[in-house]
Structure formats: C-alpha cells, structure tokens
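Chemist: no FASTA, just this:
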C-alpha cells in the first residue's frame with residue numbers, strides 16, 4: 001500500500017475511533033423528531049411511497065430528498081436504534097476526511113500540509129455538531145457528494161491543462177480549456193446529488209473558480225486575462241444553473257416557516273450581525289470554546305462589536321489580496337471561507353440563531369488551507385528547524401482531539417446538550433424551550449414549566465412557550481388555565497395550524513364543542529396535509545352524538561395519514577362498536593384494525609382487542625373469541641388486572657355471538673394536545 005493511501009486509511013480509522021462515543025448518544029428533541037423519531041414516513045423505511053414523499057415534500061422547511069432517503073435507509077436497516085443512526089453519521093465523516101486528504105493531495109502534491117488540513121477537518125471540535133446530531137446527516141452526506149464532485153472536477157481540469165505540474169507555491173501556467181470530458185459530467189452529477197442532500201452547497205461553482213486560480217493555475221499569470229476568465233466562468237454555466245434552481249426550490253420550501261420576515265428580524269439587525277457572525281466563526285476556528293447547540297440572535301448588537309469585526313475582516317481581506325501573487329493560497333482560503341458562508345450568514349435569515357457551528361463543516365477548510373500552507377511558507381522563509389512544523393501540528397491536533405472528546409459529552413442527550421448551552425450563552429429562550437421539552441419528556445413537569453416561563457420572560461412573543469405550558473396544564477387536569485395559555489399561543493402565531501388544533505382540544509375538554517370545531521376547521525384550512533384537526537373534529541362530533549358526520553372527518557384524517565397507528569385503532573373501534581348504527585361499518589372496521597395489527601412487530605393487546613370487536617361486528621364470532629382470548633392472555637401476563645377485567649366482558653359476549661357496543665357520546669375523551 002502506498003504512503004498516501006495508508007495515511008488516508010489511518011485518518012479514516014482514527015476519525016471513526018474518535019467519534020465512537022456518539023453510539024452511546026440518544027436521539028434529541030431538537031429536529032430529530034421531524035427527521036426520524038416522529039416522522040412516520042421515514043420510520044416506514046424505503047418504499048415507493050417514501051421515495052415520492054422525499055422528492056415532493058418540503059417537510060422540515062427543506063428540500064433534500066437524498067437526506068430523507070438516507071434516513072429511510074437507516075430505519076429499514078436498523079429501525080429506531082440511535083446507536084446505528086449515529087454510527088452512520090460518524091462513518092460518513094470519517095470517509096469525508098479521507099476524501100478531503102486525497103483531493104488536496106491531488107491538487108497540490110504536498111503530503112504534510114494535506115494530511116494536517118484533513119486531520120483538522122476530521123477532529124476540529126466545531127464539527128462535532130455536524131456528526132453527533134442525527135438531523136445533520138445532511139451535512140456529512142452533502143459533503144460526501146461535494147467532495148466527489150471536487151475530485152471529478154480536479155481530474156477534468158488537470159486533463160485539459162497543458163502543464164499538469166502540482167503547484168504548492170506561486171508558479172503559474174497558462175492552460176487552455178477544452179471540451180468537457182466524462183469527469184466534467186461526473187462533477188456535475190455529484191454536485192446535483194450534493195444539492196439534493198443540503199442546498200448550502202450552492203456555492204460550489206465559486207469554489208471551482210477559486211481552485212482554477214490556485215492550485216490548478218488555470219487563470220493566473222502576470223496579468224489578468226479577461227477572455228480566459230470568461231471561458232472558465234462559461235465552463236461553469238451548468239453548475240450555476242443547478243445553483244439557481246436549488247436556490248429557488250430552497251426558498252420556496254423555507255419561506256412559509258423557516259425564513260424570518262423583515263418585521264421579525266429587521267434588515268439593519270441582519271447587516272449588523274453579518275460581520276459579527278463572520279468574525280465569530282473565525283474566532284471559533286482558532287479558539288473553539290465555548291461551543292453551544294444554539295447561539296441566540298440578540299435584539300441589538302453593540303456598535304463596537306460591529307466596528308471591530310468589520311476592521312478585522314477588512315484587514316485580513318487586504319492582506320490576502322496583497323499577497324495573492326506570492327501566496328495565492330491565502331486569498332483562495334479566505335474567499336473559500338467567506339463565500340461558503342454566504343447562504344447561511346443571515347442576509348436571508350433562516351431560524352433565530354446568530355450563527356451555528358454546523359455551518360463551518362466545510363467552510364472552515366478554507367482557513368485550514370491558508371494556515372497550513374502559510375505555516376509551511378513561513379517556516380521556509382525563516383529557515384526554522386524541521387521539527388517545529390510537525391511538533392506544532394501535533395500540539396494543535398492533540399488539542400483538537402481533547403476538545404472534541406469533551407464536546408461529544410454534551411451531545412449524549414437533550415438535557416445535557418441544552419444545560420450546557422445555557423451555561424455558555426445568555427438570554428437564550430430557544431434553549432430554554434428545548435431544555436423544558438427534555439425535562440417534560442422525562443416527567444419533570446415542574447422543571448419544564450419553570451423553563452417555559454423563563455422563555456416567556458425572555459421572549460413574550462414565544463408562541464411555543466405558551467403552547468407548551470398549555471399542554472402541561474392540560475395534562476395536569478387544569479383545563480381552565482390551559483385554555484388561557486393555548487389561546488395566547490394562537491394570538492402570538494395565528495397562522496400555525498398545530499396551535500389552533502391544540503386550542504380546539506382544550507375547548508372540547510371544557511365542553512365548548514362549537515368553538516372547538518371552529519378551531520379544528522381553521523387548523524385544517526391552514527395546513528391541508530395535517531390530519532389531527534380532522535381526527536379531533538370527528539371525536540367532538542361523536543361527543544355531540546353526530547356519529548354520521550364524524551365518519552367523513554375520520555376518513556379525511558386517514559387519507560392524510562393512512563399509517564397512523566393510533567388513529568387506525570380509534571376509528572376501527574368506532575366502526576366496530578358504536579351504539580349508534582350510523583357510526584358502524586364492520587367490514588371497514590376489520591380492514592382498519594387488521595392494518596393496525598400489521599404495524600406491530602409483536603401482537604399488541606389493544607390492537608387485538610380492536611380487531612376482535614371488528615370481527616364480531618362483521619359476524620365472525622369464532623375469530624373474535626380467539627383474538628380476544630389472545631389479548632386477555634397478553635394483558636394477564638403483564639399483570640394488568642384492571643385491563644383484564646375490562647376485556648373479559650367482551651369475550652363473554654363473543655361466546656354468545658353478540659357484538660360489543662359502547663357510547664362514544666358518553667365515554668369519549670378527546671386526545672391531548
């Protein structure tokens with residue numbers, strides 16, 4: 001095995017070893033529910049329906065079909081085992097590190113600097129977020145395809161260059177651009193795959209132009225050659241076309257929820273945050289502590305911070321420009337860093353963060369390039385002892401490894417992650433919300449309420465905090481108080497369907513059925529792909545005794561979410577046992593209950609009990625007895641005597657060839673928000 005291949009292999013294995021602790025991490029309550037844990041389409045695994053959904057959905061305010069297919073593949077292979085999902089992320093990251101080393105080596109031929117840059121990429125603590133967070137599969141997956149695109153483009157560019165010398169300094173050649181080769185189309189193909197994994201890669205055509213300047217040296221010379229530059233730009237037109245298409249699709253996917261309005265985040269604040277964010281990213285590259293999962297965007301940025309940031313950025317830009325002939329890697333690395341961050345720097349504000357560690361996943365590589373080759377040039381200029389560079393690199397990498405190991409501890413679970421974020425940031429209402437959610441999930445309702453109330457203090461317009469408090473109060477049986485907070489949530493964000501649905505549920509619990517139905521109708525109109533309002537409307541109509549009117553609502557809900565287990569069970573139970581004949585349909589009940597049973601790996605008592613009801617309504621009492629006996633046996637084995645007592649009377653009815661009947665008007669309890 002050649003030395004470069006051995007280095008690439010060792011780098012990948014070492015990176016995988018560094019990130020093995022992520023296999024002990026759980027799913028987070030921060031986007032992982034949208035991407036995996038509460039996404040029934042993804043959990044269903046790879047399928048034709050899933051493939052269609054991946055390509056035609058804007059779910060989670062993004063269009064990245066390959067990312068969805070990647071998560072579906074994980075669910076097909078591993079189910080909801082978080083260790084496996086995390087390991088796949090780590091595996092992609094390890095492969096990316098090796099690919100980056102191979103790419104840089106092919107571009108420059110400088111073994112030492114390339115290995116150092118790839119190791120920095122692999123072990124820098126800023127990149128923990130992209131690897132340890134399942135929802136950021138899009139980062140590691142898109143970078144994998146982008147690196148393949150860059151490698152293909154490098155082969156193409158070197159094949160059409162009259163001088164194929166590897167360049168590590170300022171030597172220039174004057175190549176001619178010829179007809180596209182197979183490698184060119186491979187580069188375009190992989191670029192498209194990268195965009196379908198994460199649209200942040202819209203800047204790749206500009207990166208290609210930077211590589212044309214250095215180290216490919218397809219444009220550099222004593223004077224700028226406008227005609228040659230134009231030919232290189234024209235060569236990238238298919239890439240720019242894909243960039244344009246991706247930008248349009250991404251904006252359409254994000255404009256409804258993710259993109260902040262100018263009223264919410266004024267243009268002045270965005271412009272102030274722009275240089276501060278750039279300077280913040282740069283500072284974290286060189287001093288990666290402390291790091292947080294969420295950095296809140298302040299309502300006002302001090303003028304001094306803006307001024308200092310602008311001065312720093314301008315001075316670095318001037319230095320890189322002045323040194324472009326002697327040290328072209330400086331201007332290339334600096335523009336690489338600046339350019340790749342343009343889509344996420346905040347001019348089009350997505351979310352409420354000031355900056356995010358994950359956005360440096362590949363953009364920081366530009367800084368790494370400038371530092372590595374700049375360090376080599378300085379060592380040569382000042383004739384430093386040969387041991388200085390490797391010793392310095394070893395210290396830097398060892399520090400990165402230690403910081404990365406420490407940072408991985410905070411990504412083990414949601415509570416640890418957001419407690420750490422609160423410890424290193426201030427006025428962070430979004431982190432309060434996520435910590436409250438984590439505490440609520442583990443049953444610490446008092447702790448959750450305290451976090452939500454603190455979030456409201458920091459941000460009185462936080463509809464999510466009002467909604468979350470309403471849910472907890474409803475769960476505690478304090479429906480009157482829950483109504484107040486649920487109504488405030490709707491007032492804060494009247495265009496959000498889930499909030500109106502939650503308000504409707506509370507109104508229904510208080511017996512205000514007409515008002516509840518009005519909220520459900522409004523929620524369904526706001527989001528026609530939202531099944532819950534139809535389902536909840538059906539339940540309220542049952543409570544009113546309007547059973548025939550309830551059935552179309554249930555049908556509408558199941559058309560939207562045909563694989564929703566809870567809805568299938570409830571609707572099948574209504575169709576099988578409603579005391580009102582207008583609400584019964586034995587054949588349909590059997591079909592729905594049987595479908596629900598197919599979703600469970602092991603027989604579930606509730607599903608068997610419902611299927612038994614349906615079989616009895618359809619006149620198949622022998623099968624109903626068998627299913628009911630099986631359900632009773634499973635319940636008895638689990639020691640739940642009360643449930644056995646509830647199921648036993650139904651078994652006796654089936655033995656006497658009588659179906660089960662119940663009144664949903666009297667016994668139905670609406671679901672919780």
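Modeler: Thanks, I have it. Keep in mind the model is a prediction, meaning the values are calculated, not measured.

Chemist: use CA for all of it now, contacts and neighbours both
Modeler: OK.

Chemist: shaky segments in the stretch 301-450 of the chain?
Modeler: Filtered on pLDDT under 70, the stretch 301-450 of the chain yields no residues whatsoever.

Chemist: The chain too?
Modeler: Scanning the chain for pLDDT under 70 picks out the ranges 1, 162-180, 220-224, 255-263, 601, 666-673.

Chemist: mind running it again at 50?
Modeler: Segments of the chain classed as low confidence (criterion: pLDDT under 50) are 163-179, 222, 666, 668-673.

Chemist: Now do the strands in it.
Modeler: The residue ranges that make up the strands of the chain, judged by DSSP state E, are 295-296, 353-355.

Chemist: now the residue lying closest to residue 193 once chain neighbours are set aside: how far from residue 560?
Modeler: Leaving out its chain neighbours, the residue that sits closest to residue 193 by Cα to Cα, 6 or more residues apart in numbering is residue 145, at 6.2 Å. Relative to residue 560, residue 145 is positioned 34 Å away (criterion: Cα to Cα, to the nearest Å).

Chemist: what sits against the nearest residue to residue 43 once chain neighbours are set aside?
Modeler: Counting by Cα to Cα, 6+ apart, residue 75 is the residue found nearest to residue 43 once chain neighbours are left out, at 5.6 Å. Residues touching residue 75, when contacts are defined by Cα atoms under 8 Å, 6 or more residues apart in numbering, comprise 42-45.

Chemist: of all these, which comes closest to residue 322?
Modeler: Nearest to residue 322 among the contacts of residue 75: residue 42, at 51.3 Å, using Cα to Cα.

Chemist: Return the distance of residue 399 relative to residue 44.
Modeler: 42 Å.

Chemist: Near residue 326, how many other residues are there?
Modeler: Other residues lying near residue 326 total 11 when counted by other Cα atoms under 10 Å.

Chemist: I meant residue 378, not that one.
Modeler: A count of neighbours around residue 378, defined by other Cα under 10 Å, yields 11.

Chemist: Relative to residue 371, how far out is it?
Modeler: Applying Cα to Cα, one obtains 10 Å for the distance of residue 378 from residue 371.

Chemist: and if you look at residue 148?
Modeler: According to Cα to Cα, residue 148 stands 24 Å off from residue 371.

Chemist: pretty sure residue 604 contacts residue 630?
Modeler: No - checked against Cα atoms under 8 Å, the pair residue 604 and residue 630 is beyond contact range at 9.5 Å.

Chemist: Quick check: neighbours shared by these two?
Modeler: Taking Cα under 8 Å, 6+ apart as the contact rule, residue 604 and residue 630 touch no residue in common.

Chemist: Cross-check the contact I'm expecting between residue 332 and residue 214.
Modeler: Yes - with contacts defined as Cα under 8 Å, residue 332 counts as touching residue 214 at a distance of 6.9 Å.

Chemist: quick one, domains of this structure?
Modeler: The chain breaks down by automatic domain parsing into domains covering 7-409, 563-673.

Chemist: Between residue 145 and residue 560, which is the more surrounded one?
Modeler: residue 145 (23 against 15).

Chemist: Arrange the domains of the chain in CSV, one row each, with distance to residue 520 as further columns.
Modeler: Converted to CSV, the domains of the chain look like this (distance: least, Cα to Cα, whole Å):
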stretch, distance to residue 520
domain 7-409, 20
domain 563-673, 12
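
Chemist: Compare the ones you listed and give me the one nearest residue 475.
Modeler: The closest of the domains of the chain to residue 475 is domain 563-673. By Cα to Cα, the value is 7.2 Å.

Chemist: Give me the distance from the closest one to the chain's centre.
Modeler: 38 Å (Cα atoms, centre = their mean, to the nearest Å).

Chemist: What of stretch 185-197?
Modeler: 20 Å.

Chemist: got it, and stretch 64-80?
Modeler: Per Cα atoms, centre = their mean, the centroid offset for stretch 64-80 relative to its chain is 13 Å.

Chemist: How about that stretch, which residues are buried there?
Modeler: Judged by neighbour count using 16 or more other Cα atoms under 10 Å, the buried positions of stretch 64-80 are 64-76.

Chemist: Just to be sure, which of these are found in helices?
Modeler: Assignment to helices by DSSP state H places the following of the buried residues of stretch 64-80 there: 65-76.

Chemist: Looking at neighbours, which among the contacts of residue 75 is most surrounded?
Modeler: Taking other Cα under 10 Å as the neighbour criterion, residue 42 ranks highest of those with 26 neighbours.
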